[in-house]
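1. The amino acid sequence is not available; the structure is as follows:
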């Protein structure tokens, strides 16, 4: 059984929402202010800020404040959590395929 | 902005739990009965069944019943939802890198 990884929970949970995925997508084009980002999503600013905090808490974005402007920056490395998990699954599937192939070969050419 | 994709929400949400990721991982090795799967997780059978239903509802597994045994099978194709989303982000990052490189080239060799 895989080790328990609360950070994997956090990242998957953060990405289980269309607004938060939209913010990740937008920030992939470059840093943006909360104000500019918020304009693209049909909700109040307080609601939008909850999503920003959820992304920051999951480590998917960083934010910095200069004067009255809070700027959001994507933390691309954090998406490696998802990438690595997927790669692990593919590796398990490959091992299974290898075992099945070995089984068929052994059946066809018994020693 | 990306189109709204409730199925993407469902898949990410289903994977935001260590038990459910553990079941996906285990089923990557081949189909298994609910009883055999449940033994690997420290919880009551009703609690475990809720996770099985969440995975089935998200389309990540199928279950079939023969007599008193319910067998779970991984639906590998469904993980493509996550793979495709990640690939989209990488594509956006690449476009940004290309734009930045073009900018630097234009600055170094103005026409």
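-> Great, that's in hand. Quick caveat: nothing in here was measured; it's all calculated off a predicted structure.
2. From the chain's centroid, how far away is the helix or strand residue A:99 falls within?
-> Under the criterion DSSP states H and E, the helix or strand holding residue A:99 is helix A:80-108. Per Cα atoms, centre = their mean, to the nearest Å, the displacement of helix A:80-108 from the mean C-alpha position of its chain is 23 Å.
3. Chain A: helices as residue ranges?
-> With DSSP state H as the criterion, chain A has helices at A:6-14, A:18-27, A:34-38, A:45-57, A:80-108.
4. Point out the most buried one among the ones you listed.
-> Highest mean neighbour count of the helices of chain A: helix A:18-27, a mean of 21 (counted as mean count of other Cβ atoms under 10 Å in any protein chain shown). Yep, even glycine has a C-beta here, placed from its N, CA and C like the rest.
5. Pull up the residues of chain A that are close to chain B.
-> A:1-2, A:4-5, A:8-10, A:12-13, A:15-18, A:21-22, A:24-26, A:28-30, A:40-41, A:76, A:79, A:82-83, A:85-86, A:88-89, A:92-93, A:95-96 (Cβ under 8 Å from any Cβ of the partner chain).
6. okay, the nearest residue to residue A:48 once chain neighbours are set aside: pLDDT?
-> Distances taken as Cβ to Cβ, 6 or more residues apart in numbering or on different chains put residue A:38 closest to residue A:48, at 4.5 Å, once the chain neighbours are dropped. Looking at residue A:38, its pLDDT stands at 96.
7. Then the one 4 residues further on?
-> The model reports residue A:42 with a pLDDT of 94.
8. residues near it, how many?
-> Neighbourhood size, residue A:42 [other Cβ atoms under 10 Å in any protein chain shown]: 9.
9. how about it, phi and psi?
-> Taking degrees, to the nearest 10, you get phi -80, psi 70 for the backbone angles of residue A:42.
10. Next one: it from residue B:75, what distance?
-> Look at residue A:42 and residue B:75: by Cβ to Cβ, to the nearest Å, they are 33 Å apart.
11. Then residue A:66?
-> From residue A:66 across to residue B:75, the span is 47 Å (Cβ to Cβ).
12. ditto for residue A:84
-> Residue A:84 is 21 Å from residue B:75, by Cβ to Cβ.
13. In chain A, where is pLDDT below threshold?
-> Chain A contains residues with pLDDT under 70 at A:1-4.
14. same thing but 50
-> Residues of chain A meeting the criterion pLDDT under 50: A:1-2.
15. residue closest to the middle of chain A?
-> For chain A, the residue whose C-alpha lies nearest the mean C-alpha position (Cα atoms, centre = their mean) is residue A:79; its distance is 4.2 Å.
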